[in-house]
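**Q** have a look; sequence and predicted model below, questions after that.
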Amino acid sequence: MSKWSVYLEFAVDLAAECSLYAVSHHRLHVAQRKRDGTLVTETDIAIDHIISRRLAGVFPEHRVLSEEQVTAYDADAEFTWIVDPIDGTTNFARGLPIWGVSVALLHYGQPVVGVVDFPLLHERFTATAGGGARCNEEPIRTFEGDATDDQQLLMKCTRTDKRLHLRTKLKSRICGSAAYHLCKVADGAALVAVEATPKVWDLAAAWLIVVEAGGVVTTWRQEPVFPLAAVSREYVGAETPIFAAANPAILREFLEGVVFLNES
């Protein structure tokens, strides 16, 4: 049993509770635009408060970094939970089923537990550091081949084409959730995911799931995404553009066809 198992069990239960709440409020609230241009619903805010209350009651010494409340990272904290109450808010508000609750635990800035629950898709992805990745309790692995073709998939966000020109044989799909795109690389459904403007709460849990499934995640400058820099800072406006791929060989082949239009 992993030393992180107790935290994983808590994160799974917490994500499940929040998913039930989200499903019961699906399509009930109109999304509002925040100052940073992203969308939020009353359900996002309510779930964020549910999570913070649960964490304060069970792990009062832990810090929380969340999209809708505490957006500043405390580098002195040993444990920090990173939360996205609903990843895919536009989908959630418009009635599309691809959205999920993301919960990650960082130990001195390094993800050690990751859970992303997509309740309407009946897919729950989990991972612990050194413990592998799973979907609905079944082990998952990234695609293990070393070449792409025109019958395989690339997941990307809507802003990708504004930042990059992608010369690739892969077929593109835009599903509207950064965490889902990454999880689909983790389970081998897609070979590559590209996210132009994700925030740290979009990435933390799904990053660990991809890595534990055998995949690679880097920034656009080919730098590691985690651990977070040991500097206390505000993350609300910080974007971390990334490439995620099934394996290093796939990433190398894909990057040969990438042209930066507006590097950030």
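**A** Here it is on my side, so go on. For clarity, every value in this text was computed on a predicted model and none was experimentally measured.
**Q** identify the residues contacting the closest residue to D74 other than its chain neighbours.
**A** The shortest distance from D74 to any non-neighbouring residue, by C-beta to C-beta, 6 or more residues apart in numbering, is to R63 (5.0 Å). No exception for glycine: its C-beta is placed from N, CA and C like everyone else's. Under the criterion of C-beta atoms under 8 Å, 6 or more residues apart in numbering, the neighbours of R63 are 70, 73-74, 77, 79-81.
**Q** all helices of the stretch 1-150 of the chain, in order?
**A** Ranges of helices within the stretch 1-150 of the chain are 5-24, 42-58, 89-94, based on DSSP state H, counting those that start in this stretch.
**Q** the stretch 151-264 of the chain now?
**A** Going by DSSP H, counting those that start in this stretch, the stretch 151-264 of the chain shows helices at 160-163, 178-186, 200-212, 248-255.
**Q** give the buried residues for the shortest one.
**A** Right, helix 160-163. For helix 160-163, a neighbour-count test (16 or more other C-beta atoms under 10 Å) marks 160, 163 as buried.
**Q** which other helices and strands contact that helix?
**A** Where contact means 3 or more C-beta pairs under 8 Å, 6 or more residues apart in numbering; DSSP states H and E, helix 160-163 is not packed against any helix or strand.
**Q** how far away from the center of its chain is that helix?
**A** Mean-position distance between helix 160-163 and its chain equals 19 Å (C-alpha atoms, centre = their mean, to the nearest Å).
**Q** could I get the average pLDDT for that helix?
**A** Mean per-residue pLDDT for helix 160-163: 92.
**Q** shift numbering so it begins at 664
**A** I'll keep to 664 as the first residue from here, and by that count the last item is helix 823-826.
**Q** can you name the residues bridging to A907?
**A** When bridges are called by DSSP bridges, A907 pairs up with A856, V880.
**Q** now do the same contact list for it.
**A** Taking C-beta under 8 Å, 6+ apart, we find A907 in contact with 844-845, 848, 855-858, 870, 873, 878-880.
**Q** check A738 too.
**A** 772, 891-896.
**Q** from Q773, how far off is it?
**A** Note on A738: its distance to Q773, by C-beta to C-beta, to the nearest Å, is 12 Å.
**Q** and what of S665?
**A** Going from S665 to Q773 by C-beta to C-beta gives 14 Å.
**Q** what pLDDT does the model give L924?
**A** So L924 comes in at 86 (pLDDT).
**Q** and if you look at R696?
**A** Here the pLDDT value assigned to R696 is 71.
**Q** surely A810 and F917 touch.
**A** No. Applying C-beta atoms under 8 Å, one finds A810 not in contact with F917, separated by 10.7 Å.
**Q** neighbour count winner among these two?
**A** F917 (22 against 10; other C-beta atoms under 10 Å).
**Q** from A674, how far off is the more buried one?
**A** For F917, the distance to A674 - C-beta to C-beta - is 31 Å.
**Q** low pLDDT regions in the protein?
**A** Scanning the chain for pLDDT under 70 picks out 664, 690-694, 697-702, 925-927.
**Q** thinking again about what came up before, dump the helices of the stretch 814-927 of the chain to a markdown table, plus distance to I761.
**A** A markdown table is the format used below for those (distance: least, C-beta to C-beta, whole Å):
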| stretch | distance to I761 |
| --- | --- |
| helix 823-826 | 17 |
| helix 841-849 | 5 |
| helix 863-875 | 13 |
| helix 911-918 | 23 |
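**Q** for G751, find the nearest of these.
**A** Smallest distance to G751 across the helices of the stretch 814-927 of the chain (C-beta to C-beta): 6.7 Å, for helix 841-849.
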